[in-house]
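> One predicted model, sequence on top.
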Amino acid sequence: MTVRTALLQGTQLLEEGRVSAPRLTAEVLLSHAIRCDRSWLYAHDNEELREVWWIHFGRYLHERLQGKPTQYITKRQEFYGREFLVSPAVLIPRPETEHAVESALRRLPESPGTVVDVGTGSGAIAITIALESGARVQATDLSAEALAVAASNARKLGASVGFVQCDLLSAVRDSSVQLVVSNPPYIPEDDKSVTQREVLEFEPHLALFGGPDGMEIFRRLAVEAARVLRPGGWLIMEVAYNADRRVRDLLEPKWTNVQVETDLAGLPRVVSAQWPGPIGGGTP
Ligand SMILES: C[S@@+](CC[C@H](N)C(=O)[O-])C[C@H]1O[C@@H](n2cnc3c(N)ncnc32)[C@H](O)[C@@H]1O
């Protein structure tokens, strides 16, 4: 069995199993089995597969056909040009979330104060902001397992981020935070039946569901962010493509500069707002 035949057979199996991007997936899984780059496959398509490669490739194909996302098989996902470790304890970072990072980076002044990433998961947002801006970054999550993955990513990528296990911002005592950023769980519990099977069966439910209407964490986070932000500080949240109106309505009575940013598909993706401080403030 050569590399070329293994790829053809793998692609066919994935196609029959209706896995999306079957050829690409077969290449990613085979290169993971061989522990090589995908480019190595092209240069060695007549190479005989060693038995151990074939065994690993077979197992990965089987797992993928059972619905396990490729990233949980390879334990990696690229985000903002860097490779992050992922495990089933964390949400696989999505490309759309890079918009929240960009929005945060744009709003940080030249000498940024503290930034807090709420619900950090793999640490993708917190670590990217720390590396791109040099800001002092703290990151929270309820899940100790997720925080362990995030801390490994910070070590691997050389980012200095303080991780704390807590509910939203409850452990943050600072009241002069520059910016709070979050990609919170926002799928309505009622949408369980329509959520993609792969997501529902393999990604952590704590990372997905935001109460009956998907708004629970937004409501609580708006209150908590107001407590920790300095006057003029920003709250930046990723939202479901159809929830921007509700999140704006939630913020508009008390926050200023409430803005919605769209993703590359033109869908609402990020809502940001500025905390005006005690004048005209109070709690939201
Ligand atoms: C949608 S995931 C986002 C993960 C990561 N920030 C990203 O964008 O890829 C939401 C994260 O929030 C965490 N989480 C859920 N409820 C939380 C809470 N009440 N307090 C802190 N973290 C929470 C979950 O464990 C999960 O890691």
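Cool, the structure landed. Residues are numbered from 1 along each chain as shown.
> what's residue 259 in contact with, if anything?
Applying Cβ atoms under 8 Å, 6 or more residues apart in numbering, we find residue 259 in contact with 271-273. For glycine as for every other residue, the C-beta is placed from the backbone atoms N, C-alpha and C.
> wouldn't residue 99 be in contact with residue 261 here?
Yes: with contacts counted by Cβ atoms under 8 Å, residue 99 reaches residue 261, the gap being 6.1 Å.
> Between the two, which contacts overlap?
Common neighbours of residue 99 and residue 261, using Cβ under 8 Å, 6+ apart, are 269-270.
> in the stretch 101-250 of the chain, which spans are strands?
Under the criterion DSSP state E, counting those that start in this stretch, the stretch 101-250 of the chain carries strands at the ranges 114-118, 136-141, 161-165, 177-182, 229-238.
> circling back: kindly reformat the contacts of residue 259 as TSV containing neighbour count.
Output for those, formatted as TSV (neighbours: other Cβ atoms under 10 Å):
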residue	neighbour count
271	26
272	22
273	26
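> a markdown table for the strands of the stretch 101-250 of the chain, including distance to residue 25 and mean pLDDT?
Output for the strands of the stretch 101-250 of the chain, formatted as a markdown table (distance: least, Cβ to Cβ, whole Å; pLDDT from 0 to 100):
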| stretch | distance to residue 25 | mean pLDDT |
| --- | --- | --- |
| strand 114-118 | 30 | 98 |
| strand 136-141 | 29 | 98 |
| strand 161-165 | 32 | 98 |
| strand 177-182 | 31 | 97 |
| strand 229-238 | 26 | 97 |
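> Can you report how many residues lie near the residue nearest to residue 122 when sequence neighbours are not counted?
Using Cβ to Cβ, 6 or more residues apart in numbering and skipping the chain neighbours, the partner closest in space to residue 122 is residue 90 (4.3 Å). When counting by other Cβ atoms under 10 Å, one arrives at 29 neighbours for residue 90.
> how far away is residue 90 from residue 238?
15 Å (Cβ to Cβ, to the nearest Å).
> again with residue 55
40 Å.
> So for the two, which residue has more residues nearby?
Between residue 55 and residue 238, residue 238 has the larger neighbour count (other Cβ under 10 Å), namely 23 against 12.
> With adjacent residues omitted, what lies nearest to the more buried one?
residue 183 (4.0 Å).
> and that neighbour, what is it in contact with?
Shown in contact with residue 183 (Cβ under 8 Å, 6+ apart): 91, 97, 100, 119, 121, 125, 237-238.
> can you narrow these to ones near the ligand?
Filtering the contacts of residue 183 for neighbours of the ligand using Cβ under 6 Å from any ligand atom leaves 91, 97, 119, 121, 125.
> my guess is the fourth one meets residue 91, correct?
Yes: contact criterion Cβ under 8 Å: residue 121 and residue 91 qualify, at 4.8 Å.
> residues touching residue 49, list them.
Per Cβ under 8 Å, 6+ apart, neighbours of residue 49: 1-3, 6, 57.
> which of those residues sit farthest apart?
Greatest spatial distance among these (Cβ to Cβ): 2 and 57, at 12.5 Å.
> higher neighbour count, the two?
More crowded of residue 2 and residue 57, by other Cβ under 10 Å: residue 57, with 23 against 13.
> Look at that one and report its pLDDT.
Residue 57 is assigned 98 on the pLDDT scale.
> now the one 10 residues further on
Confidence at residue 67, expressed as pLDDT, is 95.
> separation between it and residue 196?
9 Å.
> do residue 69 as well
From residue 69 across to residue 196, the span is 10 Å (Cβ to Cβ).
> between the strands of the stretch 101-250 of the chain, which one is nearest to residue 153?
It is, among the strands of the stretch 101-250 of the chain and with distance given as Cβ to Cβ, strand 161-165, at 9.0 Å.
> Quickly run through the sheet partners of whichever strand or helix holds residue 271, with directions.
Using DSSP states H and E, residue 271 sits within strand 268-274. Strand 268-274 has its sheet partners listed here by DSSP bridges as strand 229-238 (antiparallel), strand 256-262 (antiparallel).
> what residues does it touch?
Outside strand 268-274, the residues that touch it by Cβ under 8 Å, 6+ apart are 96, 99-100, 103, 107, 232-239, 241-244, 247-248, 251, 255-263.
> got it, and stretch 157-177?
Counting by Cβ under 8 Å, 6+ apart, 82, 84, 113-116, 118-120, 123, 126-127, 130-131, 136-144, 147, 150-151, 153-154, 180, 217, 220-221, 224-225, 227-230, 233 sit against stretch 157-177.
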